[in-house]
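Colleague: Got a predicted structure plus its sequence, pasted below:
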Amino acid sequence: MSGSVLHPDEAPLTFDINDSAPRSLGLRDQATLWSSLGVSLLIPATAVFVIRPSADLPALSLSAVTTVIALGTALGAVLLALVAAVSTSTGTPAMATLRGVLGRRGSAVPTALNLVQCCGWAALEVYVIAQVATSLTGGHGRLWWTVAAGALATLMAVRPIRSVRVIRRYLMWLVLAATVYLLWHVVTRAQAAPDAAGTWDAFWPAFDIVVTMPVSWAVLAGDWSRHSKNRRATLIGVGTGYGVTCAAFFLIGVLAVTGSQSLAGEYSPSAFVNGLLAVPVGALALAVLAVDEVDEAFANIYSTAVSAQNLVGRWDRRTLAVVVGAMATALA
């Protein structure tokens, strides 16, 4: 099946959708997909920079951090949903939509940049999955975990709509249980330093970091929102789905870190892992989250393939997904 985007000065764009139905994702599908994308081990790893954005800035107080997380994820999620709604209206992928603004040749530049960053993010996600899996299995088999994660993400990218349905029906329940369990434990057990130990001085640098997380998905959002049945499914599903889980995982990261060391200590992106492993059966919860991390890799592989069609519209998207998945796995 094909769609088209008309520009006054350009020939029509054709692209192969190759999915079961272009308008088959309802509110629950979009909410589940974006909630799952908000469940990412990279978010709690980034939380250490929300507590202290840089070495020359003081650490934020707990009240300042929670305010940053609440306001930053809310603003970022609203912006993400509004951008996604554009493709719901046009029925075109994110990069193809730029033809209406930049023209055919002009859209090639952001498309090329998007191909590089999407493939890079896919590789990073596969790497993170393999690293966590290796840590949970005694430090062995990293190569095989990398290949397995890359292969699974690629398979999902070949059949994206079906993959979203599988996530909604099965995986999301395990992920929700693991998230609630970890959040409950870090909230009740984290021995955070007194609020007076931190300041509000680095509020805006921290706010920038939090807003960036949901906004970073804006260049991919249209690839999924074009499949929405209506704008309501996109606006509520994308905004609420990603915003809530993103905020939850920022909070998990912050409390896991502050619960294991004082606000005056040194922070590293891996500090949250030690905090979560201290939770009873925390390793099992991390294993569930590592499996769910595959959807981030799959979403990036899929969007890389779809973005490539803005340059080579007649290439089969499934073939492109296999090529991109292989590249991301090799990079990982």
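Modeller: Nice, I can see it. Numbering: from 1, shown residues only.
Colleague: mind listing the helices for the stretch 201-332 of the chain?
Modeller: Assigned by DSSP state H, counting those that start in this stretch, the helices in the stretch 201-332 of the chain fall at 203-215, 218-225, 231-258, 271-277, 282-292, 294-308, 317-331.
Colleague: between the last one and helix 294-308, how many degrees?
Modeller: Taking axes from the mean of the first three to the mean of the last three Cα atoms, to 10 degrees, one finds helix 317-331 and helix 294-308 inclined to each other by 120 degrees.
Colleague: CA atoms of helix 317-331 as CSV?
Modeller: Extracted C-alpha coordinates of helix 317-331, given in CSV (Å, rounded to 0.1, in the frame of the first residue of the first chain):
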residue,chain,number,x,y,z
ARG,A,317,10.6,-1.0,4.1
ARG,A,318,11.0,-4.5,5.5
THR,A,319,14.3,-5.0,3.6
LEU,A,320,15.5,-1.6,4.9
ALA,A,321,14.6,-2.7,8.4
VAL,A,322,16.7,-5.8,8.1
VAL,A,323,19.7,-3.9,6.8
VAL,A,324,19.4,-1.2,9.5
GLY,A,325,19.0,-3.9,12.2
ALA,A,326,22.1,-5.6,11.1
MET,A,327,24.1,-2.4,11.1
ALA,A,328,22.8,-1.4,14.6
THR,A,329,23.7,-4.9,16.0
ALA,A,330,27.2,-4.7,14.4
LEU,A,331,27.7,-1.2,16.0
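Colleague: counting contacts, what elements does that helix pack onto?
Modeller: Counting contacts by 3 or more Cβ pairs under 8 Å, 6 or more residues apart in numbering; DSSP states H and E, helix 317-331 is packed against helix 108-136, helix 142-158, helix 294-308. Placement of C-beta: from N, CA and C, glycine included.
Colleague: relative to helix 142-158, how tilted is that helix?
Modeller: Using the same axes, to 10 degrees, helix 317-331 lies at 160 degrees relative to helix 142-158.
Colleague: one step back: which one, of the helices and strands packed on helix 317-331, ends up nearest to residue 172?
Modeller: helix 294-308 (9.7 Å; Cβ to Cβ).
Colleague: dump the residue contacts of the residue nearest in space to the middle of the chain.
Modeller: By Cα atoms, centre = their mean, the chain has its centre lying nearest to residue 37, at 4.3 Å. Going by Cβ atoms under 8 Å, 6 or more residues apart in numbering, residue 37 touches 217, 241, 242, 245, 295, 296, 299.
Colleague: and the gap between the fifth one and residue 45?
Modeller: In this structure, residue 295 and residue 45 are 17 Å apart, going by Cβ to Cβ, to the nearest Å.
Colleague: So residue 81 sits against residue 233, correct?
Modeller: No - counting by Cβ atoms under 8 Å, residue 81 stays clear of residue 233, with 10.6 Å between them.
Colleague: Find residues that contact each of those two.
Modeller: Going by Cβ under 8 Å, 6+ apart, no residue sits against residue 81 while also sitting against residue 233.
Colleague: between those two, which one's more packed in?
Modeller: residue 81 (26 against 22; other Cβ atoms under 10 Å).
Colleague: Look up how far residue 236 lies from the more buried one.
Modeller: From residue 81 to residue 236 the distance is 8 Å (Cβ to Cβ).
Colleague: go on, residue 326?
Modeller: Counting by Cβ to Cβ - residue 326 and residue 236 are separated by 36 Å.
Colleague: The residue nearest to the centre of the chain: helix or strand, and which one exactly?
Modeller: helix 27-38 (DSSP states H and E).
Colleague: can you check residue 73 too?
Modeller: Assigned by DSSP H and E, residue 73 falls in helix 62-90.
Colleague: what about residue 161, is that helix, strand or coil?
Modeller: Assigned with DSSP: H, G, I helix; E, B strand; the rest coil, residue 161 falls in the helix class.
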